[in-house]
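Enquirer: Turn this into a model:
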Amino acid sequence: MRNGDGRTHLVDNQPPPIAGYDALACDPALTDAVRREGASDALPALGQLGQIVASAEAREHARLADAHSPVLHTHDRYGHRVDEVEFHPSWHWLMRTSVGWGLHGTPWVAEPSSGAHVARAAGFYLMGQLESGHCCPISMTYASVPALRRDPELAAAYEPGLRSTTYEFGLTEPSTKAGLLAGMSMTEKQGGSDVRAGTTQAKPQPDGTYRLTGHKWFTSAPMNDLFLTLAQAPGGLTCFVLPRVLPDGTRNAIRLERLKDKLGNRSNASAEIEYTDAVGWRLGDEGRGVPTIIDMVSMTRLDCVLGSASITRAALTEAAHHVQHRSAFGSRLADTPLMQTVIADLALESEAATALAMRLAGAVDRGEDALLRLALPASKYLVCKRTPSAVAEALECLGGNGYVEESGMPRLYREAPLNSIWEGSGNVTALDVLRAVTREPDSVDAVLAECDAALGADDWFDRGLQELRVELRSREPRRARRLAEMLALCLQGSLLLRFAPDEVSSAFVNSRFLPDGPWRTAGTLPAESHTEALLDRVTPRPAG
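Expert: Numbering: from 1, shown residues only. The predicted structure is shown next:
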């Protein structure tokens, strides 16, 4: 070859595009959990959704939605207040897909124990691997339905639209729209997670409505059709429903002050808003705002766990694909023992998170409220805390290729810390675990029963359960994080020992329950771990 003939532009030793892989075939943890939790009939449809998620078209929509952040328009060209947010067309594609597949409010119309919430959770997990930002309004809409049902009249007005599989963007009077989306607006700049410190005021009106005045610090998806919000009524902190457009067709007095410039979740608009005599309808009794909205918070916490599990799985998929096709120092990376150990460790993290998240979805489906009261915050604490570390390790498997935006890994890395903050950051969530342990003994019994189902399967796990029982008696606030961590870890261990293959369960227990503890860098699994089998289990392959 002559000089200048393009030899330097030949590309080899790079992985092929990952688009088109079979998202379910390389995720047996998901498919097994869907069957186990009672939604086997949904697997063919989930397979179709998995094909969409893995397609080149969908991956490009995810990239574009993140690259082109929402734009706030407070006024029109004439100076009229409009308070509208402009989104890239790819955002609408993502929303239309998730709403069309019923990943928002649709499961609430199904009968208990039908598997509808499990199927929905699996679909949410798949779409979260594609793009996390749009999952926020999907999650809040899902979570709003049980809270709205505290008031039959409000539920009748809004629930049909919230369950609709039609996505209709735009500010229009809710009763005229084919589909609705809901959000929540609780935190204020002086309080954050301390919602009882909120200063927004709600004044009762003769017609039964309230007028709200105040400033909310963090309201995601501000273009949704209605919001559940907290404000101080004469009887104390109270929950209200505020539509963006009032029944007479006029805009409610909800002003969008600015959009947050966030670390990640950039496709999704999050705003500071101001209520200037906004009209709201009371949901629940005055002074019972937190107990009323807690139904919504619990369901969004479920989606925090699912969302973090999906981000971990997305990062694992990218890493496993890369090492399958990349060589260094004369060997394919997937054949080198140390890389196998790293990917295997990430696979264990992903498998444990997925199994636990889907178990929680099954508990929602079956109405296991006692289990959820304690298992939800504990699971949110551990799974969401582990995600940034897992994504960082997966990114490193790609080397410098993982550090550039084109790989998609930086987007996952920026997204990874979010769910640990949303619906209560680490300390808030851990203290909620302690509160449940102290006030609701039935929840402790339910979680221990779930853990004890694997008693006797492994000596180190049994030892961990004994340590958990000792920790449960402590109930010291300064040890709340340790308690939350141990609870979730024992739940994961129990699930994997009972339902996962031996190469998964034994490696998980040996690396997470031995005396030297679980919190080491990835790739430090015991020598006897079946790392090659674990890597093969999670490696994406072409569909069909």
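Enquirer: any idea which helix or strand comes after the stretch of helix or strand residue 240 belongs to?
Expert: Counting by DSSP states H and E, the element that carries residue 240 is strand 236-243. Downstream of strand 236-243, the first helix or strand assigned by DSSP H and E is strand 254-259.
Enquirer: What is the subsequent helix or strand relative to that following strand?
Expert: Per DSSP H and E, the first helix or strand lying C-terminal to strand 254-259 is strand 270-283.
Enquirer: What are the buried residues along the helix or strand that that next one is followed by?
Expert: Stepping forward along the backbone from strand 270-283, the first helix or strand reached (DSSP H and E) is helix 289-325. Judged by neighbour count (16 or more other Cβ atoms under 10 Å), helix 289-325 contains these buried residues: 289-290, 292-293, 295-324. Backbone N, C-alpha and C define where each C-beta goes, glycine included.
Enquirer: got the angle for helix 289-325 vs strand 236-243?
Expert: Relative orientation of helix 289-325 and strand 236-243, computed by axes from the mean of the first three to the mean of the last three Cα atoms, to 10 degrees: 60 degrees.
Enquirer: got the angle between helix 289-325 and strand 270-283?
Expert: What separates the directions of helix 289-325 and strand 270-283 is an angle of 140 degrees, with the same axes, to 10 degrees.
Enquirer: just the strands in the stretch 51-200 of the chain please.
Expert: Assignment of strands within the stretch 51-200 of the chain using DSSP state E, counting those that start in this stretch yields the ranges 71-75, 81-86, 182-185.
Enquirer: Dump the ones you listed to CSV, plus mean neighbour count and distance to residue 488.
Expert: Compiled in CSV, these are given as follows (neighbours: other Cβ atoms under 10 Å; distance: least, Cβ to Cβ, whole Å):
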stretch, mean neighbour count, distance to residue 488
strand 71-75, 13, 38
strand 81-86, 16, 36
strand 182-185, 26, 25
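Enquirer: Rebuild the ones you listed as a markdown table, extending it with distance to residue 281 and mean pLDDT.
Expert: Putting those into a markdown table (distance: least, Cβ to Cβ, whole Å; pLDDT from 0 to 100) gives the following:
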| stretch | distance to residue 281 | mean pLDDT |
| --- | --- | --- |
| strand 71-75 | 26 | 97 |
| strand 81-86 | 20 | 95 |
| strand 182-185 | 13 | 93 |
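Enquirer: Now that we have those, can you turn them into CSV and tack on distance to residue 22?
Expert: CSV is the format used below for the strands of the stretch 51-200 of the chain (distance: least, Cβ to Cβ, whole Å):
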stretch, distance to residue 22
strand 71-75, 37
strand 81-86, 36
strand 182-185, 34
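Enquirer: for those strands, which one sits closest to residue 217?
Expert: For the strands of the stretch 51-200 of the chain, the distance to residue 217 is smallest for strand 182-185, at 9.3 Å, taking Cβ to Cβ.
Enquirer: Could you pull out the buried residues of whichever helix or strand comes after the closest one?
Expert: For strand 182-185, the following helix or strand on the C-terminal side (DSSP H and E) is strand 201-204. Going by neighbour count (16+ other Cβ under 10 Å), the buried part of strand 201-204 is residue 202.
Enquirer: what do you get for stretch 166-185?
Expert: Result for stretch 166-185 [16+ other Cβ under 10 Å]: buried residues 167, 168, 171, 174, 177, 179, 180, 181, 182, 183, 184, 185.
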